[in-house]
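Student: Here is my input, please return the structure:
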Amino acid sequence: MSVNKNNSLRGRNDLNTKKNTTNGEGEVPQRGQSADDYLYKESSAQKDTDKKQLSAIRQTAGWGVRIVIAAVIAVAVAALPFEVFSEKGFTHYKKLKRELAALKKSNNAIEKDIFRLEREISDLRNDDFSLERVARDELGMIREGEIVFIVEERDWP
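Tutor: All right, here's what the predicted structure looks like:
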């Protein structure tokens, strides 16, 4: 409870309507209207005003954001050809991809040679027949008592 200028008591639920107070929309509180209802109406009106102001700010800010996004897109579109066709762009990527394919092919051939040579080493260490064949074919060795005939090919006219 509060006391007004006339020393009369005023309750929470009974606002003095003689004062010219408004809730932001030009309305005067009704006699018998609770202070909570009055304040709720006032805060609701303030919220509506705040929403309108915020909407105006967002619209203004929205244009700024749109301009920034458009500028970023324009720079990206302008830079795209330079990135694609530069020394380290798409053409360089394609060249590196071709080189990689050639290196993989070369590696596969080398791996096959390594496998073949490892098998040949194993045969020479473990198989006497393979060792004899290499000695005869590559080193020209013969057994005791053998006679070697060398036949030369000749071009006949």
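Student: got any ranges where this protein has weak pLDDT?
Tutor: By pLDDT under 70, the weakly predicted segments of the chain are 1-45, 58-61, 157.
Student: Could you pull out the helices in it for me?
Tutor: Along the chain, counting by DSSP state H, helices occupy 35-85, 90-126, 128-139.
Student: Report the angle between the shortest one and helix 90-126.
Tutor: Spelled out, that is helix 128-139. When axes from the mean of the first three to the mean of the last three CA atoms, to 10 degrees is applied, the directions of helix 128-139 and helix 90-126 differ by 110 degrees.
Student: start the count at 581, not 1, going forward
Tutor: With the count now opening at 581, the last piece we talked about shows up as helix 708-719.
Student: Check which residues of helix 708-719 are buried.
Tutor: Buried residues in helix 708-719, defined by neighbour count with 16 or more other CB atoms under 10 Å: none. C-beta coordinates here come from the backbone N, C-alpha and C atoms, glycine included.
Student: Show me what it is packed against.
Tutor: helix 670-706 (3 or more CB pairs under 8 Å, 6 or more residues apart in numbering; DSSP states H and E).
Student: Check which helices and strands the helix it packs on is in contact with.
Tutor: Packing partners of helix 670-706 (3+ CB pairs under 8 Å, 6+ apart): helix 615-665, helix 708-719.
Student: hey, C-alpha coordinates of the shortest one in CSV?
Tutor: In other words, helix 708-719. C-alpha atoms of helix 708-719 as CSV (Å, rounded to 0.1, in the frame of the first residue of the first chain):
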residue,chain,number,x,y,z
ASP,A,708,71.9,-77.9,-58.9
PHE,A,709,70.4,-78.2,-62.4
SER,A,710,69.6,-74.4,-62.4
LEU,A,711,73.2,-73.7,-61.3
GLU,A,712,74.6,-75.9,-64.1
ARG,A,713,72.4,-74.2,-66.7
VAL,A,714,73.7,-70.7,-65.7
ALA,A,715,77.3,-71.9,-65.6
ARG,A,716,77.0,-73.4,-69.2
ASP,A,717,74.9,-70.6,-70.8
GLU,A,718,76.3,-67.4,-69.2
LEU,A,719,79.9,-68.4,-68.3
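Student: Show residues contacting it.
Tutor: Helix 708-719 has contacts (CB atoms under 8 Å, 6 or more residues apart in numbering) with 700, 703-704, 721-722.
Student: go again using 7 Å as the cut-off
Tutor: Under the criterion CB atoms under 7 Å, 6 or more residues apart in numbering, residues 703-704, 721 lie in contact with helix 708-719.
Student: sorry, back to before: I'd like the helices of the chain as JSON lines, with distance to residue 731 appended.
Tutor: Shown next, in JSON lines, are the helices of the chain (distance: least, CB to CB, whole Å):
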{"stretch": "helix 615-665", "distance to residue 731": "64"}
{"stretch": "helix 670-706", "distance to residue 731": "28"}
{"stretch": "helix 708-719", "distance to residue 731": "15"}
